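Novice: model the following, please.
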Amino acid sequence: MSDDTQQPIIVKRIKKVEGGHHGGAWKIAYADFVTAMMAFFLLMWLLGSTAQGDLEGIADHFQNPLRVSLLGGSGSGDSSSVIPGGGEDLTRSIGQVKRGDVQTQRTINLDAAKARYPDPGEFDPEIEAELRERGRLLDLKGRIEAIIEADPDLRNYKNQILMDITNEGLRIQLVDEQNRPMFATASADLRPYTRDLLQAIGRALNDVPNRLSLSGHTDAAPFAGGERGFSNWELSSNRANASRREMISGGLEPAKVARVVGLADTIPLISDNPLDPANRRISIIVMNKRTEEALLTGPDVLDVDFEENEGLEETLLPGVDGLSSSPAPR
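Specialist: Next up is the predicted model:
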């Protein structure tokens, strides 16, 4: 017999049903709306800050862009240019004279035009010749740099090659380093790498008609045994002449050499340190026409190295490190 006092326990479980997912399409639509509003306000700002003449010029351009580009006119490059379509106004440094569809008379400033584009017949022939010659020397400098960069063996010595343009022409200097001199100690015997450098430079110098001036330099250390008459003067002269012979053996035309001199330690490259190894060097001057004429017609012509030295940091070869400043065997 069942017990009526015991009631069954009923557990009710409620299942919650979530609403369907509505997706994120509204976000894309809202982003497009915000972008459109931003563009609209930007357009309104531009229209409000642009002058009426500018607006009319812009409208003319879009109405008939071909006519504007070919014939020019106000608002499309109005200037004193003789070329249709506008251009830089010769009376102003920047900008246009007028903008918009404005009736105006186009005039040409002939004085300004002649100043900018002079008559070819008015060029000074001497100045024009000097400019062409300077261009040839700059091109020669670039070719020598390219030759050195292209040869792995020569590239190791590019720090010892200084090149610059002076009033006398292109100056090429081969300088000593602390542990890598160009010559054997106290002699005019060339190191093997110096021979390679001089031969490569000599072949490149044949490409220009300019003649050469070679000068040898030493540091201020007195030559050992100078009491017998052989001094830095003889040493620098012998080294300059040895460089000339090596360049000729590499292919340089002998007639291109106009002068070979030895200057001892009278013109140091590093003036504040007369014993610096960089003062021991060979200087090759590819002379311009004016310097060559002065050399051949006048005996008292200063060498280019008497010009104020600009220092080793003025070298135009890339990647040049500072040269050692401590003395080394000559």
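Novice: in the protein, which spans are helices?
Specialist: Using DSSP state H, the helices of the chain run over residues 25-49, 52-63, 65-71, 110-116, 125-150, 152-155, 192-205, 232-249, 289-297.
Novice: which one of those helices lies closest to Ala224?
Specialist: Of all the helices of the chain, helix 232-249 sits nearest to Ala224, with 10.4 Å by CB to CB. In short, each C-beta sits where N, CA and C put it, glycine included.
Novice: tell me the helices and strands packed up against the closest one.
Specialist: Using 3 or more CB pairs under 8 Å, 6 or more residues apart in numbering; DSSP states H and E, the elements in contact with helix 232-249 are helix 192-205, strand 212-217, strand 257-262, strand 281-287.
Novice: who does the second one pair up with?
Specialist: According to DSSP bridges, strand 212-217 forms sheet pairs with strand 257-262 (parallel), strand 281-287 (antiparallel).
Novice: pick the most buried one from these.
Specialist: With neighbours taken as mean count of other CB atoms under 10 Å, the strands paired with strand 212-217 reach their highest mean count in strand 281-287, at a mean of 25.
Novice: contact partners of that one?
Specialist: 137, 140, 166, 168-176, 182, 201, 205, 208, 210-217, 239-240, 243, 258, 269, 291, 295, 303-305 (CB atoms under 8 Å, 6 or more residues apart in numbering).
Novice: find the residue closest to Arg239 in space, skipping its chain neighbours.
Specialist: In this structure, Arg239 finds its nearest non-sequential neighbour in Gly216, 4.2 Å apart by CB to CB, 6 or more residues apart in numbering.
Novice: domain assignment for the protein?
Specialist: Structurally, the chain divides into domains by automatic domain parsing as follows: 26-116, 125-314.
Novice: and the ones you listed as a markdown table, adding mean pLDDT?
Specialist: Below are the domains of the chain laid out as a markdown table (pLDDT from 0 to 100):
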| stretch | mean pLDDT |
| --- | --- |
| domain 26-116 | 63 |
| domain 125-314 | 85 |
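Novice: most neighbours per residue, which of these?
Specialist: With neighbours taken as mean count of other CB under 10 Å, these reach their highest mean count in domain 125-314, at a mean of 17.
Novice: which one of the strands paired with strand 212-217 lies nearest to Met44?
Specialist: strand 281-287 (65.9 Å).
Novice: the closest one to helix 289-297, inter-axis angle?
Specialist: Between strand 281-287 and helix 289-297, the angle comes out at 100 degrees (axes from the mean of the first three to the mean of the last three CA atoms, to 10 degrees).
Novice: so Leu235 makes contact with Thr218?
Specialist: Yes - Leu235 is within contact range of Thr218, at 5.9 Å (criterion: CB atoms under 8 Å).
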